[in-house]
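Enquirer: model this:
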Amino acid sequence: MAEIVLCPLLQVVFEKLASRFLKEIADRCGFKDEIKKFQRALGAIQTVLQDAEEWQATDKSSKLWLSELREVAFDADDLLEEFGPEAMIQENDNSLTEQVTNIVPSLRPFITYLKKLPELKQIRERLDVLLDERSNFKLKRKDGDKAIKSQQKRETGSFVIESEVIGREEDKEKIVDMLQLTAESRADEVVSVIPIVGLGGLGKTTLAQLVYNDERVIGNFELRMWVSVNDDFHVRKIVNLMIESATRRRCDDLIGMDVLQSKLRDLLFKKRYLLVLDDVWNEDADEWDKLKSLLKLGAEGSKVIATTRSAKVAAIMGTVSSHRLKGLSHDECWGLFKQRAFANDQEDYANLLPIGKQIVRKCVGVPLAAKALGSLMRFKREPDEWLSAQENEIWNVGEGENGILPALRLSYSHLPLHLKGCFMYCSIFPKNYVIKKEKLIHLWIAEGLIQSCQYPLRGTQSHKEGTSLENSGSNYFNELMWMFLFEEVKKNSDGDVVECRMHDLIHDLAKSVAGEEFFIFERGCLPKNPARVRYSSVVCHSESCTIPEALYEAKKLRTLIFLFSNDDSGEIPAKLFTHFRNLRVLDLSYSGIKRLQSTVSCLKHLRYLDLSNTFIATLPETIGSLCKLEVLNISGCSDLTGLPRNLARLCMLRHLIINDCERLTGLPDNIGQLFHLQTLPIFIVSNKTDNFKQLARLQLRVS
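Expert: This is a model prediction of the structure:
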């Protein structure tokens, strides 16, 4: 089910309302009170927003309210984009302006803002209506940016039917061998911690159960305990459950912590024990240290197995190398699918077997998916039903309570709010698409998905503050990698991931939570409500890339990415620039365009423009009107011979990417005016004497 995440967007709007420049023009133009009313209404909604976002899964009216609030927030953000210094710079020559400024000459610089006042008031009134409706939901105030925890509690035990487990023999042997080692990994560690880490649904718990019940393990430890942790990592709770697991008796919740510790000490004293901590999410090292001090009460050679979906958690807890669990083979997934789908009667349905093998390809090595899909097909025996399952996306065929997406959604639910928007954004890339880390971070920044509240808004940042956005974006990326929501594709020489992709099932998860604002136009697939689409990609499979007519209904589109294969080079319609005026991101890389129309200047909000690997020979002078542009990528444009002088007007440009432009003979002689520029891969030396003086003015970042 799609989820509405509003906190990051409303924070952007709130920061724009609080900007120094808007305060100045509000004072000058006489609508200071209107801005204050807007801020108060938005602030009141922000206090209950987290609670509303948590309730949306079970309360349809709450979700509808959030949906309406989202539309108001998007409209407010678009309008506040117009209240920037650049609006004052632009010449306004219409007759109405002339008439007004002839009467009150001092108003001339602010006339653009005055014309937008009725629209600002209208949006504020819509916000007031939603504020009044807030009382219908009995929402609670919540402070802080804490992750929204899933209301579903997944509780596990140590029991397993080993004969039903397929494909984990090798993994089991590796863990058993690690448990039988007597030498400790570190001299200061009494107990070794072995993390089993991997994507949700891979079978980490099942592997731990297999190991826990192995005869060799039973004989090697005097005491075994199993604790299902979930997201409630409290030392008292875990100690309580350890005692219950060891004694098989319920532990009184009213017992004090001192008595609990004494009981645990008596249980563990001079005993070699095995403890399984299943499904750990805790990233607080202090909490883990509190528990670890109690675990040292046992005998040397004691072991802890911790299962987790987070590489970060594994690093905090582990004293030995993590065991990274990988997917099963297609044949192994097919075996699990057959267990559930056919039981003992597969010979009676030989006509379904070929279709079943195609369905299993959707599992992409995840055993939980194979079992969930097998269970779903168990009582379906018509070929049409199986063909439907084969053709549909997995969220349309596996959404039951025990399905794969509810299990994977736990990983999403545990993400902090600021990462949820970044994760959703990746749903506009097709399956198996290789995502470049640096480009993705630039896209997130362009869409306002990376915020740093300690710094002022764009346009007032210093060079150092601007750099922090890229650093924050890198941290966001790493967090998603640690949660296995991204998979490594390529590393650089320093060992840092520079390219990634999303596992097919994680991509399905992203699409299921992203909602109708995100859409991929591919092979005739159209959205249900095109007007609500704000982030989109168009997958081009031929030389003539035609924008679907439905896309033109998305008048408030913010991201438009054209995805060409390296063999294609389609043309882009000329009316693109005049139609999508709210674009923040436009990616035309690998398209067949030979000329960038002067109407590109209509994209006043554009922050990211990718023209790389196209046939463009020159750029229009009007590109200098894109005063919010932060990234201009023209790498691989082998026909490009020069850059416009007006390029220096791009006062917010941080990344000018000009690799592999063989015919480019020089840079504008005023390029030193780009004070925010961080990336300039090459500097072309010309015969002009002040060439190096321009370079000296730049504060380029050393990567």
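Enquirer: For the stretch 1-150 of the chain, just list every one of the helices.
Expert: Using DSSP state H, counting those that start in this stretch, the helices of the stretch 1-150 of the chain run over residues 7-17, 20-29, 32-55, 60-80, 85-89, 95-103, 111-133.
Enquirer: Mean pLDDT and distance to C363 added to the ones you listed, as TSV?
Expert: (C-beta placed from N, C-alpha, C; glycine too.) Formatted as TSV, those follow (pLDDT from 0 to 100; distance: least, Cβ to Cβ, whole Å):
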stretch	mean pLDDT	distance to C363
helix 7-17	83	33
helix 20-29	83	52
helix 32-55	83	31
helix 60-80	88	30
helix 85-89	57	51
helix 95-103	41	63
helix 111-133	86	42
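Enquirer: is it possible to export those to JSON lines including mean neighbour count?
Expert: Below are the helices of the stretch 1-150 of the chain laid out as JSON lines (neighbours: other Cβ atoms under 10 Å):
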{"stretch": "helix 7-17", "mean neighbour count": "19"}
{"stretch": "helix 20-29", "mean neighbour count": "16"}
{"stretch": "helix 32-55", "mean neighbour count": "17"}
{"stretch": "helix 60-80", "mean neighbour count": "18"}
{"stretch": "helix 85-89", "mean neighbour count": "16"}
{"stretch": "helix 95-103", "mean neighbour count": "11"}
{"stretch": "helix 111-133", "mean neighbour count": "16"}
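Enquirer: Show me where the stretch 351-500 of the chain has its strands.
Expert: In the stretch 351-500 of the chain, the strands defined using DSSP state E, counting those that start in this stretch lie at 435-436, 487-491, 497-501.
Enquirer: Most tightly packed of these?
Expert: Highest mean neighbour count among the strands of the stretch 351-500 of the chain (mean count of other Cβ atoms under 10 Å): strand 497-501, with a mean of 17.
Enquirer: Partner strands of it and their direction?
Expert: Strand 497-501 has the following strand partners under DSSP bridges: strand 435-436 (antiparallel), strand 487-491 (antiparallel).
Enquirer: Show residues contacting it.
Expert: Residues from elsewhere that reach strand 497-501, judged by Cβ atoms under 8 Å, 6 or more residues apart in numbering: 432-438, 477, 481, 486-492.
Enquirer: Return the closest of the residues you listed with respect to D669.
Expert: E438 (28.4 Å; Cβ to Cβ).
Enquirer: Find the residue closest to that closest one in space, skipping its chain neighbours.
Expert: The shortest distance from E438 to any non-neighbouring residue, by Cβ to Cβ, 6 or more residues apart in numbering, is to V498 (7.2 Å).
Enquirer: per-residue confidence for the residue nearest the centre of the chain?
Expert: Nearest to the mean C-alpha position of the chain, by Cα atoms, centre = their mean, lies F423 at 1.7 Å. At F423, the model reports a pLDDT of 95.
Enquirer: start at 53 instead
Expert: I'll keep to 53 as the first residue from here, and by that count the last item is F475.
Enquirer: right, and it touches L532 too?
Expert: Yes: between F475 and L532 there is a contact under Cβ atoms under 8 Å: 6.4 Å.
Enquirer: Would you mark the buried spots in stretch 246-265?
Expert: For stretch 246-265, burial by neighbour count (16 or more other Cβ atoms under 10 Å) applies to 246-264.
Enquirer: hmm, I was thinking of stretch 667-684
Expert: 668, 671-672, 674-684.
Enquirer: Tell me where the stretch 253-402 of the chain has helices.
Expert: Using DSSP H, counting those that start in this stretch, helices in the stretch 253-402 of the chain cover 256-264, 267-272, 287-299, 309-320, 337-347, 363-369, 382-393.
Enquirer: now the stretch 553-702 of the chain
Expert: Under DSSP H, counting those that start in this stretch, the stretch 553-702 of the chain gives helices at 556-566, 628-631.
Enquirer: how much space is there between H728 and K289?
Expert: According to Cβ to Cβ, to the nearest Å, H728 stands 50 Å off from K289.
Enquirer: who's more crowded, these two?
Expert: Per other Cβ atoms under 10 Å, whichever of H728 and K289 has more neighbours is H728, with 21 against 14.
Enquirer: From what I see, the more buried one and L708 are in contact.
Expert: No: with contacts counted by Cβ under 8 Å, H728 stays clear of L708, the gap being 10.6 Å.
Enquirer: was I right about F573 contacting T598?
Expert: No: using Cβ under 8 Å, F573 is not in contact with T598, being 10.0 Å away.
Enquirer: Could the C-alpha coordinates of stretch 466-478 be exported in PDB?
Expert: Provided in PDB are the C-alpha atoms of stretch 466-478 (Å, rounded to 0.1, in the frame of the first residue of the first chain):
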ATOM      1  CA  HIS A 466      12.300   1.300  10.200                       C
ATOM      2  CA  LEU A 467      13.800   4.000   7.900                       C
ATOM      3  CA  PRO A 468      14.100   7.500   9.400                       C
ATOM      4  CA  LEU A 469      11.700   9.900   7.800                       C
ATOM      5  CA  HIS A 470      14.400  11.700   5.800                       C
ATOM      6  CA  LEU A 471      15.400   8.500   4.100                       C
ATOM      7  CA  LYS A 472      11.900   7.400   3.100                       C
ATOM      8  CA  GLY A 473      11.500  10.200   0.500                       C
ATOM      9  CA  CYS A 474      14.900   9.300  -0.900                       C
ATOM     10  CA  PHE A 475      14.000   5.600  -1.100                       C
ATOM     11  CA  MET A 476      10.600   6.400  -2.800                       C
ATOM     12  CA  TYR A 477      12.400   8.600  -5.300                       C
ATOM     13  CA  CYS A 478      14.300   5.600  -6.600                       C
END
